[in-house]
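> Output the structure for:
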Amino acid sequence: MVDMNLIKQLREATFAPLGDCKSALDEANGDIERAKQILKEKWIAKAGKKADRETKEGMIKIVTEGWKTVVLKLLCETDFVVKNDHFQTLFANIIALLQKIDWEVESYDALPEDTKSAITGLLTAFIGTIGENVKVADALVTSKHVYGYNHPWNKVASLIYYTGDEETAKKLALQVAAMDPTYLTFDEVPQAEKDAASARFTEELKAAGKPEAMIPQIVAGKLNKEFAEDVLLEQESIHDNTKKVKDMISGDFQISEFKRFAI
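Purely as a prediction, here's the structure:
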């Protein structure tokens, strides 16, 4: 008969279900360290079986402490699991690992190998315990001057790289979260896309009988309208629909980059 205190100790150390803890301790003849290894081996086997299962739910959060900002996008199979305390603990533990990194990281693949190994261990244990596939979809670490916005329910987040006043940065972060732009300025739109649209508009105007001399000017206006929704600074402001975003920026404020994360 396994001591109930040992079962509780193993439960507290691993978060595994009580039944699994009892079975592992039975198999280990009461050796708690061996029981942990047995649970780990079972978790790895379970995780392998669930690796291909689709992950459509999850959580995104931007956390800033001092000079460092980290972003984590953690996916799972169901929203029910997102609300589980163990998922919240897993998320916090991965954030803590990211906060230990002292250089710029743009993606999960760019993380140090020891950090990825530690995260894999946490994910494997969680999958084996909860029974759902869970994976890190994105991660970022930066010490640059940024403003991070977390939308309620942590399904969307945005990051603004800027210099200047924080209030403008906040407005831009809300704009990015709400309107999902692709480019910062019109100049960033790939030339091939602009050329294709320009050729299309030119043919349409010629077919409509517009004077040849007027076509370039009309095409320029159509191009600006065509890509306005994709370009942050050209979008209609969500704070004042009579203005474009670029008209809301004044003084010494400068934005160099933005990022948007979404489930």
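> ranges for the strands of the stretch 51-200 of the chain?
Per DSSP state E, counting those that start in this stretch, the stretch 51-200 of the chain has strands spanning 57-65, 68-76, 135-142, 146-150, 156-163. These are given in chain order.
> of all those, which lies closest to residue 208?
strand 156-163 (40.4 Å; C-beta to C-beta). Just so you know, the C-beta spots here come from the backbone N, C-alpha and C atoms, and that holds for glycine as well.
> now the closest one and strand 68-76, what's the angle there?
Orientation of strand 156-163 against strand 68-76 (axes from the mean of the first three to the mean of the last three C-alpha atoms, to 10 degrees) gives an angle of 160 degrees.
> Following the chain onward from the helix or strand encompassing residue 203, which element is next?
Assessed by DSSP states H and E, residue 203 sits inside helix 191-207. Using DSSP H and E, the helix or strand that directly follows helix 191-207 along the chain is helix 215-227.
> helices or strands up against that next one?
Contacts defined by 3 or more C-beta pairs under 8 Å, 6 or more residues apart in numbering; DSSP states H and E place helix 215-227 against helix 191-207.
> residues in contact with residue 248?
Residues near residue 248 by C-beta atoms under 8 Å, 6 or more residues apart in numbering: 168, 171, 237, 239-240.
> was I right about residue 130 contacting residue 78?
No: using C-beta atoms under 8 Å, residue 130 makes no contact with residue 78, being 10.1 Å away.
> how close does residue 95 get to residue 62?
As judged by C-beta to C-beta, to the nearest Å, residue 95 and residue 62 stand 10 Å apart.
> sorry, back to before: now do the helix holding residue 203: distance to the chain's middle.
35 Å (C-alpha atoms, centre = their mean, to the nearest Å).
> repeat for stretch 23-36
With C-alpha atoms, centre = their mean, you get 38 Å for stretch 23-36.
> Quick one: end-to-end length of it, please.
With C-alpha to C-alpha, to the nearest Å applied, stretch 23-36 spans 11 Å between its terminal residues.
> which parts of it are buried?
Buried residues in stretch 23-36, counted by 16 or more other C-beta atoms under 10 Å: 23-25, 28, 32, 35-36.
> Now pLDDT, secondary structure and distance to residue 195 too, for those residues, in JSON lines please.
Converted to JSON lines, the buried residues of stretch 23-36 look like this (pLDDT from 0 to 100; DSSP: H, G, I helix; E, B strand; the rest coil; distance: C-beta to C-beta, whole Å):
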{"residue": "23", "pLDDT": "79", "secondary structure": "helix", "distance to residue 195": "65"}
{"residue": "24", "pLDDT": "76", "secondary structure": "helix", "distance to residue 195": "64"}
{"residue": "25", "pLDDT": "81", "secondary structure": "helix", "distance to residue 195": "69"}
{"residue": "28", "pLDDT": "80", "secondary structure": "coil", "distance to residue 195": "68"}
{"residue": "32", "pLDDT": "80", "secondary structure": "helix", "distance to residue 195": "68"}
{"residue": "35", "pLDDT": "79", "secondary structure": "helix", "distance to residue 195": "65"}
{"residue": "36", "pLDDT": "76", "secondary structure": "helix", "distance to residue 195": "61"}
